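S.K.: I need the structure of the sequence given here:
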Amino acid sequence: MPPSAVLFLATVLTTRLTAPFLAQESGGKPEGFLDQFPWLGDFTAAVLGIGLLCLLVYFLRPGGGGVADFSIEVEGDDVNFKGRFPAEARGAVEDFLVNDCRIQGAYEVLGKWEQGRLVVTVRGDAAKLLEQRIRNFLKLNVKRAGQ
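M.R.: Sure, this is the predicted structure:
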């Protein structure tokens, strides 16, 4: 869901839930379930606000939100490619990760194409020391299909 749609939905819900309180403050007669529990409207608005903030952070965080275009799972000599990874680059990348990096333990490399550029993230404590080297290698050697 795009961030603008989430913002619109949160605005509509907040307006609907706080309308009885606004009517009460302006001298109108409040009506509905919120009359019995006056604190419930503020509580609901706070929960919705926190939820909206979490969604915005999720969608606008560096590296982009959503699912990666491809992932490479590595454990010892076993390398598994998932997603839309160019077939012609698999051999070179597998050789690099197994023979050049020689990282002990399991780790995962995630890649996502954003505006024509490859964004790479490495998950796994053992691989963090070589994350920049892996990122540089992939950016130089992996091209999007059709380029």
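
S.K.: Where do the strands of this structure begin and end?
M.R.: For the chain, the strands defined by DSSP state E occupy 70-75, 78-83, 106-114, 117-123.

S.K.: Quick one: the ones you listed as TSV, columns for distance to F43 and mean neighbour count too.
M.R.: For every residue, glycine as well, the C-beta is placed using N, CA and C. Below are the strands of the chain laid out as TSV (distance: least, CB to CB, whole Å; neighbours: other CB atoms under 10 Å):
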stretch	distance to F43	mean neighbour count
strand 70-75	40	19
strand 78-83	41	13
strand 106-114	37	18
strand 117-123	36	17
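
S.K.: nearest to W39, of those strands?
M.R.: strand 117-123 (41.8 Å; CB to CB).

S.K.: re the thing from before, what's the closest of the strands of the chain to V93?
M.R.: strand 70-75 (6.9 Å).

S.K.: helices and strands around that closest one, which ones?
M.R.: strand 78-83, strand 106-114 (3 or more CB pairs under 8 Å, 6 or more residues apart in numbering; DSSP states H and E).

S.K.: Could you list the domains of the protein?
M.R.: Residue ranges of the domains in the chain are recorded as 3-60, 70-141, according to automatic domain parsing.

S.K.: ranking these by burial, who's on top?
M.R.: Ranked by mean neighbour count under mean count of other CB atoms under 10 Å, the domains of the chain are led by domain 70-141, which reaches a mean of 15.

S.K.: for this protein, what helix or strand is lowest in average pLDDT?
M.R.: helix 3-25 (a mean of 64; mean pLDDT, DSSP states H and E).

S.K.: low-scoring stretches of the chain, by residue?
M.R.: 1-3, 5-7, 9-10, 12-34, 61-66, 145-147 (pLDDT under 70).

S.K.: Hmm, N80 is touching V93, no?
M.R.: No: between N80 and V93 there is no contact under CB atoms under 8 Å: 11.8 Å.

S.K.: Can you pull the residues that touch both of those two?
M.R.: I72 (CB atoms under 8 Å, 6 or more residues apart in numbering).

S.K.: on that earlier part again, can you put the strands of the chain in TSV and add distance to L52?
M.R.: Shown next, in TSV, are the strands of the chain (distance: least, CB to CB, whole Å):
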stretch	distance to L52
strand 70-75	29
strand 78-83	30
strand 106-114	24
strand 117-123	25
